[in-house]
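Visitor: Below are the sequence and a predicted model for it; my questions follow.
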Amino acid sequence: MKKKLPLILLFLLFAVLFSSCSSNNKPKEEEVEEKPVIYLYPTEKTTVSVKLDYEGELECTYPKYNGEWKVTAYPDGRLINRVDNKEYSYLFWEGRTDSKFDFSKGFVIKGEDTEEFLQTTLSKMGLLPKEYNEFIVYWLPRMQNNTYNLISFQHEAYTTKAKLIIEPKPDSLLRVFMAYKPLNKKIEIEPQEIKTFSRDGFTVIEWGGSKVD
């Protein structure tokens with residue numbers, strides 16, 4: 001029995017290592033955390049219903065999402081949640097899904113230049129200072145100390161997994177979702193085209209992002 005013990009221990013060690021490697025073999029690009037916020041800007045005080053058709057698992061919402069957010073929305077962006085009668089600046093959710101992002105086009109930006117890049121790019125997209133400042137405050141601490149960041153704005157990969165159903169239907173809708181990878185060195189990549197969004201009538205703005213390792 002004493003002679004067999006080392007072989008048994010070796011087998012158990014191999015089994016543990018194999019199990020650990022197998023659990024970590026899933027590509028990290030498929031383990032995506034998403035943190036969008038949604039702003040509502042009706043032309044007049046309006047009761048708005050927002051539903052999220054999400055192919056993933058919701059991990060956090062604010063205010064609490066129970067199959068629908070129903071709010072009284074004001075032109076200045078203020079929201080009164082009809083459930084608790086409290087005021088909110090936006091609707092927030094966080095989830096996990098298996099989105100696969102396309103990094104064939106984008107931007108490689110020095111970590112120290114990320115703030116300026118985001119200010120310029122998000123403004124060009126059509127975000128107001130309040131909106132892009134809140135985006136930057138959230139993401140900059142995670143990006144500024146990287147040597148470089150590979151940044152690519154994803155639309156199709158994001159919106160196909162997270163659909164919004166809004167009533168009344170907005171006149172204009174902008175959904176900005178940034179995926180980024182920290183880099184140790186600069187790489188060459190085809191620049192992504194940035195289009196400018198025009199606000200018209202009842203406007204809904206959403207931004208979110210994800211780090212991809």
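Guide: Great, that's in hand.
Visitor: alpha carbons only for contacts and neighbour counts from here, please
Guide: Will do.
Visitor: what about the residue nearest to Thr121 when sequence neighbours are not counted, how many neighbours?
Guide: Of all residues not flanking Thr121 in the chain, Ile194 sits nearest, at 7.6 Å (CA to CA, 6 or more residues apart in numbering). Ile194 has 12 neighbouring residues, counting by other CA atoms under 10 Å.
Visitor: and what of Leu122?
Guide: Leu122: 21 neighbours (other CA under 10 Å).
Visitor: measure it to Val176 for me?
Guide: Between Leu122 and Val176 the computed distance is 9 Å (CA to CA, to the nearest Å).
Visitor: And the helices in this structure?
Guide: With helices called from DSSP state H, the chain shows them at 5-24, 114-125, 129-143, 156-159.
Visitor: counting contacts, what elements does the second one pack onto?
Guide: Under the contact definition 3 or more CA pairs under 8 Å, 6 or more residues apart in numbering; DSSP states H and E, helix 114-125 sits against helix 129-143.
Visitor: ok, and for the helix it packs on, which residues are buried?
Guide: Glu131, Tyr132, Asn133, Phe135, Ile136, Trp139, Met143 (16 or more other CA atoms under 10 Å).
Visitor: Any idea which helix or strand in the chain has the lowest mean pLDDT?
Guide: helix 5-24 (a mean of 35; mean pLDDT, DSSP states H and E).
Visitor: Contact partners for Asp53?
Guide: Lys161, Ala162, Lys163, Leu164, Ile165 (CA atoms under 8 Å, 6 or more residues apart in numbering).
Visitor: so how far does stretch 107-120 reach from one end to the other?
Guide: End-to-end for stretch 107-120, by CA to CA: 13 Å.
Visitor: which residues in the chain form strands?
Guide: Remark: strands assigned in the chain by DSSP state E are 32-34, 37-41, 46-54, 57-62, 69-73, 79-81, 87-88, 91-97, 105-110, 148-153, 162-167, 172-183, 190-191, 203-211.
Visitor: Partner strands of the second one, with direction?
Guide: Using DSSP bridges, the strands paired with strand 37-41 are strand 91-97 (antiparallel), strand 203-211 (antiparallel).
Visitor: just those strands: most buried one?
Guide: strand 203-211 (a mean of 21; mean count of other CA atoms under 10 Å).
Visitor: how far off strand 148-153 does that one point, in degrees?
Guide: Per axes from the mean of the first three to the mean of the last three CA atoms, to 10 degrees, the angle that strand 203-211 makes with strand 148-153 is 140 degrees.
Visitor: and strand 203-211, what's its mean pLDDT?
Guide: On average, the pLDDT along strand 203-211 is 96.
Visitor: Quickly list what Val71 is bridged to.
Guide: Under the criterion used (DSSP bridges), Val71 bridges to Val48, Asn81.
Visitor: If anything else comes up later, I'll come back, but that's it for now.
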